[in-house]
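Chemist: kindly return the folded structure for what I paste below:
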Amino acid sequence: MIDPSIMNDLPDMIQLAIMACDKPPKAVAMELKCSTSVVYQSLKGKRTLPSSVMRKFSETNLIAAASMAMQATGLKKLFRYRKSDRHIQARLLELRMYDKKADEAMNKLPELLFNKNSYEDLSESDKEILLSSIDAMIERDNISLNLFMELDTRFNLDLVKTIKRARFSNLKRA
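Modeler: Modelled structure (predicted):
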């Protein structure tokens, strides 16, 4: 069962992904080899895209990839599309701000923390610092992802293919 909280954001992300590929939903449905009804229902939030088309849709653009990652995992905080100023300069400023926060949070991690082997070894203070640091890093990573989405859309960078190619080229070198 899909987490109902992502159903507020998922239809918007799917719609933005379709708009970014500059094709009508009907054409996207044909490319995905699914019914137009499935696409329109996912745009209305009445259903999610079926697993059989998730991979193909995620290859459309980075917004589609993030929406399918959010649909598959429920990790809204990491994959959500931020509904704020989409201007690239605003994205960069926000990233600088959150990068600083994440860096400060990481610097608060005590070195002794890394000598501990399990959750049970952590004190309440360790847990609080660790979870706070992770939260700041997730926020920064989400902002980075949103910057990548904006750059991909604005400049037609086809980052999904670039990232996939880089992954496979790294495997060949290993």
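
Chemist: skip the chain neighbours and tell me the closest residue to the residue nearest to the spatial centre of the chain.
Modeler: Nearest residue to the geometric centre of the chain (CA atoms, centre = their mean): F79, 2.6 Å. In space, and not counting its chain neighbours, F79 is closest to M70: 3.8 Å by CB to CB, 6 or more residues apart in numbering. Yep, even glycine has a C-beta here, placed from its N, CA and C like the rest.

Chemist: next one: Q41
Modeler: Nearest to Q41 is R47, by CB to CB, 6+ apart, at 4.5 Å.

Chemist: which residues touch whichever helix or strand Y98 is part of?
Modeler: Assigned by DSSP states H and E, Y98 belongs to helix 88-107. Helix 88-107 is contacted from outside by 84-85, 132-133, 135-137, 139-140, 143-144, 146-147, 150-151, 154, using CB atoms under 8 Å, 6 or more residues apart in numbering.

Chemist: swap in stretch 4-11?
Modeler: By CB under 8 Å, 6+ apart, stretch 4-11 touches S42, L43, K44, G45, T48, S67, M70, Q71, G74, K76, R80, Y81.

Chemist: only the buried residues of it, if you could.
Modeler: I6, D9, L10, P11 (16 or more other CB atoms under 10 Å).

Chemist: tell me the contacts of T36?
Modeler: So T36 contacts P25, K26, A29 (CB under 8 Å, 6+ apart).
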